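Participant: Kindly generate the corresponding structure for this input.
(2 chains)
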2 protein chains.
Amino acid sequence: MNEQALKTALAAQLSFWPRLTEQEQQFLCAHTALVHYARGQILHDGGAACTGVLLVQKGQLRTYILSDEGREITLYRLGAGEICILSASCVLDAITFDVVIAAEADTEVLLLNQAAFKKLTEENIYARCFGYELSTTRFSEVMWTLQQILFWGVDQRLALFLWQEKQKLQQDTLQLTQEQIARDIGSAREVVSRMLKYFAREGIVKLSRGGIQILDNKKLQALLPKS
Amino acid sequence: MNEQALKTALAAQLSFWPRLTEQEQQFLCAHTALVHYARGQILHDGGAACTGVLLVQKGQLRTYILSDEGREITLYRLGAGEICILSASCVLDAITFDVVIAAEADTEVLLLNQAAFKKLTEENIYARCFGYELSTTRFSEVMWTLQQILFWGVDQRLALFLWQEKQKLQQDTLQLTQEQIARDIGSAREVVSRMLKYFAREGIVKLSRGGIQILDNKKLQALLPKS
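Facilitator: Down below sits the predicted model:
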């Protein structure tokens, strides 16, 4: 990637770009690299890791948390045009939460070096604010997901319902509306809609017009409440 | 509170204060009120609520999430000198997550009017950055808490809670109801009751009317999550 192409890419993804001096823009370019990650590669592994800011160009990154026992919860996925900030948690002192980030497809990112980004956030309030605003956005999304899973057990209730329907009808494709499911599991249609999309992204189900196809029985069963 | 005292209080709690013009400082003072909340009062109730930024002067605020069935999980508590920003979620677009806030003691706050704070964050990047940095801090803390609940067993959570209370109060007998414990560790009263009985059978604690006596520190410590 030549310098002009790099500048264009950074300007397109970083809303604070016009607020940088020409010198700061040069500095950022000089500390940005095009990096490829192979499908399946873990590119950030919580704790002491400090990777930098990742501007996804192609492919897909999955951000998740991992328990001691190896249980995973996907927090979100990022595709082309999106930015991963939790991989630069060392730069922003207020982020004290660790995640793991893996490439779910062959992925190409522009990697802003963490030390360079840190320097920039210390010197330029717009860069700093950009980082924190993006963090707040991600955390808000994640809180929603965790609340549904943790608090209301919506994932378990939905999984149980789909599993029971599948057993009852002896088929993998269920003709159900989101309203029906919401009524049955005692939730709101919007919540069911969002959780079904979460299931779809996890590869558990495939959603189509008026129907839900169960793709992965093992993953579905893993979600069933242990009684 | 006279204007000089108000200015001193705002300057002490708002790190962006020196970055405001004199006009902006006047504007903020004019839209800040000293408000009292009685113990037990709910002062912010998620959803459409937009209370403003709360600068705690005295007392204590509890921030929690609430399920349809009335289950609560405490996210954090704020005391004198601390600032509540999630009560101003309407001001910062990136915050899309709702909480409930209640006074746990008779509480005095400086309330920054939400419309005035919104105007300020739109005009002054330092005020804006302050809001998002504080949100990120809170979310990081909360994520940690939720992760503990998601990933740890109830025994570990209960053990950690009892251990922390013992350390805080420097005594072996804790005057706590099962409801209090359940609320604090994000579980149901029945679950706490059962686990306390299990702890009692194991000789870890002794249960009496309204109190829990810690008998075996080693066994209790053995249950603490390994970090």
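Participant: what are the ranges of the helices in chain A?
Facilitator: A:3-13, A:22-30, A:114-123, A:125-151, A:154-169, A:178-185, A:189-201, A:217-222 (DSSP state H).
Participant: Reformat these as JSON lines; add mean pLDDT, mean neighbour count and distance to chain B.
Facilitator: Using the backbone N, CA and C atoms, a C-beta is placed for each residue, glycine as well. Converted to JSON lines, the helices of chain A look like this (pLDDT from 0 to 100; neighbours: other CB atoms under 10 Å in any protein chain shown; distance: least, CB to the nearest CB, whole Å):
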{"stretch": "helix A:3-13", "mean pLDDT": "94", "mean neighbour count": "14", "distance to chain B": "17"}
{"stretch": "helix A:22-30", "mean pLDDT": "96", "mean neighbour count": "14", "distance to chain B": "15"}
{"stretch": "helix A:114-123", "mean pLDDT": "94", "mean neighbour count": "18", "distance to chain B": "10"}
{"stretch": "helix A:125-151", "mean pLDDT": "85", "mean neighbour count": "21", "distance to chain B": "3"}
{"stretch": "helix A:154-169", "mean pLDDT": "89", "mean neighbour count": "17", "distance to chain B": "10"}
{"stretch": "helix A:178-185", "mean pLDDT": "84", "mean neighbour count": "17", "distance to chain B": "12"}
{"stretch": "helix A:189-201", "mean pLDDT": "89", "mean neighbour count": "17", "distance to chain B": "10"}
{"stretch": "helix A:217-222", "mean pLDDT": "91", "mean neighbour count": "12", "distance to chain B": "15"}
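Participant: now for stretch A:108-116, what's the gap between its first and last residues?
Facilitator: 20 Å (CA to CA, to the nearest Å).
Participant: Give me the nearest residue to A:D216, chain neighbours excluded.
Facilitator: A:I204 (5.2 Å; CB to CB, 6 or more residues apart in numbering or on different chains).
Participant: Angles on the backbone of the one you found, please.
Facilitator: phi -80, psi -40 (degrees, to the nearest 10).
Participant: and it, what does it touch?
Facilitator: A:A159, A:I214, A:L215, A:D216, A:K219, A:L220, A:L223 (CB atoms under 8 Å, 6 or more residues apart in numbering or on different chains).
Participant: same check, this time on A:T137
Facilitator: B:A94.
Participant: Then A:A30?
Facilitator: A:A116.
Participant: and it, how far is that from A:L43?
Facilitator: 22 Å (CB to CB, to the nearest Å).
Participant: same check, this time on A:A105
Facilitator: 13 Å.
Participant: Give me the mean pLDDT for stretch A:46-65.
Facilitator: Stretch A:46-65 comes out with an average pLDDT of 88.
Participant: buried stuff in that stretch?
Facilitator: A:49, A:51-57, A:59-63, A:65 (16 or more other CB atoms under 10 Å in any protein chain shown).
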